[in-house]
Structures are given as C-alpha cells and as structure tokens.
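**Q** What follows is a predicted structure for the sequence shown.
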Amino acid sequence: MQPVIKLRNIELGTGRPKIAVPITGKTVADILSAVDPIKAAKPDLVEWRIDFFDGVTDAAKLQDAGQQLRNALGDIALLTTFRTKGEGGELALADADYFKVCQAVIAGKFTDALDVERYHEEKDVKQLVAQAQAANVVVIMSNHDFDKTPSAAEIVKRLTSMVDYGADVAKMAVMPQSAEDVLTLLSATNIAHQSLSRPVITMSMGDLGKVTRIAGEAFGSCLSFATVGAASAPGQIALAHLRPELEDLKLN
Ligand SMILES: O=C1C[C@@](O)(C(=O)O)C[C@@H](O)[C@@H]1O
C-alpha cells in the first residue's frame with residue numbers, strides 16, 4: 001500500500017488518476033498565454049516543460065518566468081520538468097548543466113514538484129532528490145524510452161530503482177511497437193503498483209498506447225498527461241475527452 005503523495009491541493013495515489021497538462025511555450029509571453037485556456041479546462045496539475053523555454057539556462061530568467069507562471073496559475077499544482085534530448089526533450093544539456101537548471105528551479109521556490117531523470121550519475125541524482133525534498137518539492141522521478149518497450153521485468157526494475165533513489169513518485173514512459181508491448185506496460189504497471197512503496201505513473205506513448213492513458217485507475221498509474229493546446233509527447237488525449245473517460249472507468 002503506497003502513501004498518498006500530497007501536491008499543493010491534490011493527492012497522487014488515491015482515487016481517479018489525476019490529470020496533468022503540459023505548457024511548452026518558448027517565451028514568457030507564450031507560457032503565460034497558455035494559462036487561461038488551461039485554467040478554464042481545470043486540470044489537477046500543470047507541467048511546465050522548461051526544456052522548451054528559451055531562457056532555461058539563465059537562472060534569473062528561469063526563476064522570474066517560474067514566479068510569473070506560479071502567480072498566474074493561482075492554486076493549481078505545478079510540476080516543473082527539464083526533459084533532456086536523449087529522453088525525448090527539446091534541448092541537449094551537459095549533465096552538469098542539467099543539475100544546475102534543476103537546482104535553480106528548487107531555489108526559485110515556484111514549483112510544487114520536480115521531474116528528476118533517473119539515468120544520470122547516482123550520487124548527483126540522490127543529491128538533487130535530497131535538495132528538492134528539503135525544500136518541500138515533491139520528486140517525480142522519470143525514465144523515457146522513445147524507441148521501444150523494455151520487458152515488464154525491466155520496467156519494474158527501473159521503477160523500483162527510482163524508489164530506491166528516494167523518489168516520491170516513479171514514472172516510466174515507453175514506446176510500443178505492437179499491441180503486446182502495450183500489454184507489457186500495463187502488466188508492469190500492475191506489478192509495480194502492487195509491489196512498490198510509492199505511487200507510479202506510466203504510459204505507453206503513440207496511438208497504440210493511448211489506451212494506457214485512460215486505464216490508470218484499473219492498472220495502477222496515478223497521473224495521466226492530457227492536452228489543452230500543444231502536446232508534449234505522442235498519444236496524449238485532449239483533456240476534454242480524458243476527464244469523462246476517467247470518470248466512466250472509475251472503480252466503485
Ligand atoms: O513524463 C512525461 C510524460 C510524457 O512523456 C507523456 O508521454 O505524456 C509527457 C511529458 O511532458 C512528461 O514529462
């Protein structure tokens with residue numbers, strides 16, 4: 001049984017999967033102009049994908065933009081994510097710069113949660129986790145495979161290692177090449193949900209994987225990414241469709 005993870009005014013790991021909407025603007029103006037339509041759609045969480053932001057490596061610009069976004073969002077929970085190029089993101093950064101950017105996010109005090117990619121140096125990842133948690137920032141640890149779907153045992157192993165590294169929530173996104181791959185992701189999700197001490201988030205990307213984005217409550221994924229405007233990964237469903245689908249699939 002996992003603890004429920006509180007993020008501002010939402011709880012991950014209980015009830016229906018929560019809905020996150022990404023913001024992928026390049027400029028402060030783009031980012032802020034995405035907020036009103038997103039607020040109108042009432043997501044549980046907003047994900048700011050800072051790898052799209054053109055000021056991301058300038059700590060002062062990043063923190064200023066983050067503060068403006070925080071203010072504009074009102075009380076909606078905010079997850080901040082730098083997705084590296086190798087894991088499907090927009091920008092390639094040297095490892096040392098990736099950690100500097102993440103530390104600037106924590107120091108900026110605008111975010112409720114931080115995405116931390118699992119596959120960097122162990123000591124750097126663990127140190128970043130400790131820094132985030134000391135600042136009351138929830139750590140959603142992640143790994144993306146944009147080419148394939150590893151075996152269920154491998155997916156469970158990676159999610160387990162995220163928990164071992166101190167993650168509050170463990171997340172894995174994979175690309176299916178077949179319907180069997182989608183079943184593999186769902187099976188791994190079910191096993192991880194039953195065996196791990198932290199909530200998990202999983203998705204199979206692309207059109208084949210769309211079914212996994214609505215099936216989280218049955219198989220054990222606590223968050224689904226949906227669109228209001230631009231998508232941040234292939235296969236995301238419009239929030240306006242996802243919400244009723246999650247309601248229909250609710251477990252009583
Ligand atoms: O980790 C994820 C999941 C995601 O890749 C998806 O497939 O919905 C979208 C990303 O923005 C987010 O950081």
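**A** Sure thing, it's come through.
**Q** partners of the lengthiest strand in the chain, with directions?
**A** Secondary structure of the chain per DSSP state E: the longest strand is strand 138-145. In the sheet, strand 138-145 lines up against strand 113-117 (parallel), strand 169-174 (parallel) (DSSP bridges).
**Q** Figure out which of the ones you listed is closest to the ligand.
**A** strand 169-174 (4.3 Å; CB to the nearest ligand atom). In short, each C-beta sits where N, CA and C put it, glycine included.
**Q** What ranges does this protein have for its strands?
**A** For the chain, applying DSSP E gives strands covering 5-7, 10-12, 18-23, 45-49, 77-81, 113-117, 138-145, 169-174, 200-204, 223-227, 237-238.
**Q** want to try CSV for these, with mean pLDDT, distance to Lys210 and mean neighbour count as columns?
**A** Listed next are the strands of the chain as CSV, based on pLDDT from 0 to 100; distance: least, CB to CB, whole Å; neighbours: other CB atoms under 10 Å:
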stretch, mean pLDDT, distance to Lys210, mean neighbour count
strand 5-7, 96, 25, 18
strand 10-12, 97, 21, 20
strand 18-23, 98, 15, 24
strand 45-49, 98, 18, 24
strand 77-81, 98, 21, 23
strand 113-117, 98, 22, 25
strand 138-145, 98, 17, 23
strand 169-174, 98, 13, 26
strand 200-204, 98, 8, 28
strand 223-227, 98, 10, 24
strand 237-238, 98, 6, 16
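**Q** can you tell which of these is closest to the ligand?
**A** Between those, strand 223-227 lies closest to the ligand; by CB to the nearest ligand atom that is 3.4 Å.
**Q** Check what pLDDT Gln2 gets.
**A** Looking at Gln2, its pLDDT reads 74.
**Q** hang on, the earlier thing: save the strands paired with strand 138-145 as CSV, and put in distance to the ligand too.
**A** Output for the strands paired with strand 138-145, formatted as CSV (distance: least, CB to the nearest ligand atom, whole Å):
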stretch, distance to the ligand
strand 113-117, 6
strand 169-174, 4
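**Q** can I get the ones you listed in a markdown table with distance to Asp147?
**A** Below are the strands paired with strand 138-145 laid out as a markdown table (distance: least, CB to CB, whole Å):
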| stretch | distance to Asp147 |
| --- | --- |
| strand 113-117 | 16 |
| strand 169-174 | 9 |
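**Q** Now render the strands of the chain as CSV, adding distance to Gln103.
**A** Formatted as CSV, these follow (distance: least, CB to CB, whole Å):
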stretch, distance to Gln103
strand 5-7, 20
strand 10-12, 24
strand 18-23, 21
strand 45-49, 16
strand 77-81, 12
strand 113-117, 10
strand 138-145, 13
strand 169-174, 20
strand 200-204, 23
strand 223-227, 24
strand 237-238, 34
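**Q** Show me which residues of this structure are close to the ligand?
**A** Listed as neighbours of the ligand in the chain under the rule CB under 6 Å from any ligand atom: 22, 47, 49, 81, 83, 115, 142, 144, 171, 173, 203, 205, 225, 232-233, 236.
**Q** ok, those vs Phe99, which is closest?
**A** Within the residues of the chain next to the ligand, the smallest distance to Phe99 is 13.0 Å, found for Asp115 (CB to CB).
**Q** and the residue lying closest to the closest one once chain neighbours are set aside, bridged to which residues?
**A** Spatially, and ignoring its direct neighbours in sequence, Asp115 is nearest to Thr81 (3.7 Å; CB to CB, 6 or more residues apart in numbering). Assessed by DSSP bridges, Thr81 has beta-bridge partners Arg49.
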